[in-house]
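Peer 1: kindly return the folded structure for what I paste below:
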Amino acid sequence: MEKVHDTDQTVVVLPEKTKGEATSVAKNERSRISAIFTVIFSGFALLSDGYQVGVLSLVNVCFTKIYGDQFTSAMSTRIGNSLFVGCILGQIGFGFVCDRVGRKVGLMLTTFLVIIGAALCAGAYGANGSVEGMFWALTIYRGILGVGVGGEYPCSSASASEAADEVMPGRRGMLFVFVTNFVIDSGFVLSALFPLILGAAGCSYEVIWRASFAFGVLPPLSVMYFRFKMDNSEIFQKNSMKKNVPYLLIIRRYWKYLLGTGGSWFFYNFISYPFGIFAGTIIDSALGSEATFTQTAEWMLLLNVFYLPGSISGAFASDRIGRKRTMTLGFFSQGVLGILMGIFFKDLLGIFPLFVVLYGIFMMMGEFGPGDMLGLVSAEIYPTAIRGTAYGWSAAIGKLGAFVGTSVFKPAIDALGHGDKVAGQGRVFILASALALLGSIFTWFLIPDYSKKALGEEDEDFRQYLASQGYDVSNFGEKAMSDMDDAELEHGSSTVSAESKTKA
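Peer 2: Numbering: from 1, shown residues only. Predicted structure coming up:
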């Protein structure tokens, strides 16, 4: 049908939208809505990830008060590290899954693992009431939780970056940070707030630690339905590469970037995780033996709140001054402040509120720079076909830094303090800050700035590179894979038919 409008001079014929055009508009609108939901619900479950890492700090305080010498330093380290070992496995494994199988499948599996792992931690018991058995059970359960938490990183970040590029391409960095690292940091704040509420309500230490672990089930449970309904991003559907992945060619092109993102992430996690996890122990010892759990939790909450302004300011800086400058500035500022804190550590403990504020600023600068930028950079400097895999390897190297950092933190305090615990803590600040300065060097010389580059541009550059190396680029995209599978199936059917005729 055509609409005809008469005027004094001419007759204007306005064709109605064809059925195909209407379908295309509807499809584009559905794709945009799906992208918006993907951005939101890709990152929201990361709240549980930040929460589960941060909550161990106050759970350790509960264990110390309940079990005393039975909760040894070695057991504390073992429980903390089990999460990181699981994270490393999850980041590498699910980075591969979300590239080769799909973002949606990866997100569904990681959500399930986080729910199961958190629930098991809350219900941990030892055989016949054994305390040591309970700690070993908790070590295993935290490992299971870690696989899910680790898998969330490549799956959520790859999905969020691709969807953010569709929704707000000019402010991709800000949007990505708000749905990933800001959510993780909010989890850290909740990890101090929720136990504080339980403690203020007069709950026993056992109720506090079990309920604190159980609370981590809620965020992933709340997004499971929406993740089930989401679609893989449009850019993934066009640029995925599920078969015959040329890993040697990929390493040849991106080895420098992998060294930059992996190395910088190692330094950042080496600093942030032990200083976050053992902050409760440091604060508790500084307050003295008369300190209550509620007092320790209040100071921990104040400390963790500093994560949020760091994350917010980094989100806005990422698009204004660029990822590279933001990350370098964050690393450098953290390094300088940490060295000064280490030098004047004993004096600062005498003015405890000032010490906590400076400690918070120290952690805040880490969030402003590498905390915000590492996930963003790792999600955008690699092409779509290997985004999850490259992100997973970079993040896994980072979690290795967390593993090493938490393992050596307490021994380093003892070794560097020579019997003086306070002196050892100050020198550990100096050591960690030196690594922050090294991280700023890695960032500046090894990581590119793709602030103004669309994700599709790197996909096109990657295709041209592979084509120049003689690789067949016709198998990119989910449709190409489907056509290839159909061709293989048809070829197999033809072969069987020919063999049947020959036998006949």
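
Peer 1: most centrally placed residue in the protein?
Peer 2: Tyr153 (3.7 Å; C-alpha atoms, centre = their mean).

Peer 1: for that residue, what are its contacts?
Peer 2: With contact taken as C-beta atoms under 8 Å, 6 or more residues apart in numbering, Tyr153 is in contact with Asp49, Cys87, Gly90, Gln91, Gly375, Tyr391, Gly392, Ala395. All C-beta atoms are positioned from the backbone trio N, CA, C, and that covers glycine.

Peer 1: what helix or strand is the second one on?
Peer 2: So the one you mean is Cys87. Element membership of Cys87, judged by DSSP states H and E, is helix 73-100.

Peer 1: now swap in the fifth one and tell me
Peer 2: Using DSSP H and E, the element containing Gly375 is helix 372-380.

Peer 1: one more: the last one?
Peer 2: Using DSSP H and E, Ala395 sits within helix 387-417.

Peer 1: now for that helix, which elements pack on it?
Peer 2: Helix 387-417 sits against helix 73-100, helix 131-167, helix 247-277, helix 372-380, helix 421-446, with contacts defined as 3 or more C-beta pairs under 8 Å, 6 or more residues apart in numbering; DSSP states H and E.

Peer 1: distance to Met364 for those - can I get that in CSV?
Peer 2: Shown next, in CSV, are these (distance: least, C-beta to C-beta, whole Å):
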stretch, distance to Met364
helix 73-100, 23
helix 131-167, 22
helix 247-277, 11
helix 372-380, 11
helix 421-446, 13
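
Peer 1: deepest of these, which one?
Peer 2: helix 372-380 (a mean of 30; mean count of other C-beta atoms under 10 Å).

Peer 1: now do that one against helix 387-417, angle only.
Peer 2: 150 degrees (axes from the mean of the first three to the mean of the last three C-alpha atoms, to 10 degrees).

Peer 1: state the mean pLDDT of helix 372-380.
Peer 2: Per-residue pLDDT over helix 372-380 has a mean of 96.

Peer 1: show residues contacting that helix.
Peer 2: 153, 157-158, 160-161, 172-173, 176-177, 180-181, 261, 264-265, 268, 310-311, 314-315, 318, 323, 326-327, 330, 387, 390-391, 394-395, 398, 447, 450, 453, 455, 458.

Peer 1: now swap in stretch 426-445 and tell me
Peer 2: Counting by C-beta under 8 Å, 6+ apart, 259-260, 263-264, 267-268, 270-271, 274-275, 324, 327-328, 331-332, 334-339, 341-343, 345-346, 366, 370, 405, 409, 412-413, 416-417 sit against stretch 426-445.

Peer 1: ChimeraX command to pick out the buried ones of these?
Peer 2: This is the ChimeraX syntax for the buried subset of the contacts of stretch 426-445, where burial follows 16 or more other C-beta atoms under 10 Å:
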select :260,263,264,267,268,270,271,274,275,324,327,328,331,332,334,335,337,338,339,341,342,345,366,370,405,409,412,413,416,417
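
Peer 1: and which of the contacts of Tyr153 is nearest Tyr225?
Peer 2: Distance from Tyr225 was checked for each of these by C-beta to C-beta. The minimum falls on Asp49, at 19.2 Å.

Peer 1: what sits against that closest one?
Peer 2: Taking C-beta under 8 Å, 6+ apart, one finds Val114, Val149, Glu152, Tyr153, Ile184, Gly187 in contact with Asp49.

Peer 1: that's a strand at it, yeah?
Peer 2: No: counting by DSSP: H, G, I helix; E, B strand; the rest coil, Asp49 is not part of a strand but helix.

Peer 1: per-residue pLDDT, it?
Peer 2: 79.

Peer 1: how far away is the closest residue in space to it that isn't next to it in sequence from Tyr225?
Peer 2: Nearest non-adjacent residue to Asp49, counting by C-beta to C-beta, 6 or more residues apart in numbering: Val149, 4.6 Å away. Plainly put, Val149 is 20 Å away from Tyr225 if you go by C-beta to C-beta, to the nearest Å.

Peer 1: can you show me the CA trace of the helix or strand where Gly199 lies as CSV?
Peer 2: Using DSSP H and E, Gly199 falls within helix 181-200. Output of helix 181-200 as CSV, limited to C-alpha atoms (Å, rounded to 0.1, in the frame of the first residue of the first chain):
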residue,chain,number,x,y,z
ASN,A,181,34.8,-2.9,39.1
PHE,A,182,32.4,-0.6,40.8
VAL,A,183,30.1,-3.5,41.5
ILE,A,184,33.0,-5.6,42.8
ASP,A,185,34.0,-2.7,45.1
SER,A,186,30.5,-2.4,46.3
GLY,A,187,30.8,-6.1,47.2
PHE,A,188,33.8,-5.2,49.3
VAL,A,189,31.8,-2.5,51.2
LEU,A,190,28.9,-5.0,51.8
SER,A,191,31.5,-7.5,53.0
ALA,A,192,32.2,-5.2,56.0
LEU,A,193,28.6,-3.8,56.4
PHE,A,194,26.7,-7.1,56.6
PRO,A,195,28.9,-8.7,59.3
LEU,A,196,28.8,-5.3,61.2
ILE,A,197,25.0,-5.4,61.2
LEU,A,198,25.0,-8.9,62.5
GLY,A,199,27.6,-8.1,65.2
ALA,A,200,25.6,-5.0,66.3
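
Peer 1: for that helix, packing partners?
Peer 2: Against helix 181-200 (3+ C-beta pairs under 8 Å, 6+ apart) you get helix 46-67, helix 205-215, helix 293-305, helix 307-320.

Peer 1: quick one: buried residues of that helix?
Peer 2: Neighbour count says helix 181-200 has 181-196, 198-199 buried, by 16+ other C-beta under 10 Å.

Peer 1: any chance of the contacts of Asp49 in JSON lines, plus distance to Ala297?
Peer 2: Listed next are those as JSON lines, based on distance: C-beta to C-beta, whole Å:
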{"residue": "Val114", "distance to Ala297": "24"}
{"residue": "Val149", "distance to Ala297": "23"}
{"residue": "Glu152", "distance to Ala297": "26"}
{"residue": "Tyr153", "distance to Ala297": "28"}
{"residue": "Ile184", "distance to Ala297": "20"}
{"residue": "Gly187", "distance to Ala297": "16"}
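
Peer 1: Leu107 against Phe228, yeah?
Peer 2: No: with contact defined as C-beta atoms under 8 Å, Leu107 does not count as touching Phe228 (9.1 Å).

Peer 1: tell me which of these two has more neighbours.
Peer 2: Comparing Leu107 with Phe228 by other C-beta atoms under 10 Å, the one with more neighbours is Leu107, at 30 against 11.

Peer 1: need phi/psi at that one.
Peer 2: For Leu107, the backbone dihedrals are phi -60, psi -40 (criterion: degrees, to the nearest 10).

Peer 1: wait, what's in contact with it?
Peer 2: Leu107 neighbours (C-beta under 8 Å, 6+ apart): Ser42, Ala45, Cys98, Glu152, Cys155, Ser156, Ser159, Arg227, Met230.

Peer 1: how many residues are close by Ser222?
Peer 2: Other residues close to Ser222 by other C-beta under 10 Å number 15.

Peer 1: ok, it to Gln70 distance?
Peer 2: Distance from Ser222 to Gln70, by C-beta to C-beta: 36 Å.

Peer 1: and what of Tyr268?
Peer 2: Relative to Gln70, and taking C-beta to C-beta, Tyr268 is found at 34 Å.

Peer 1: Asp319 is in contact with Thr326, correct?
Peer 2: No: in this structure, Thr326 is not within contact of Asp319 by C-beta under 8 Å, at 9.4 Å.
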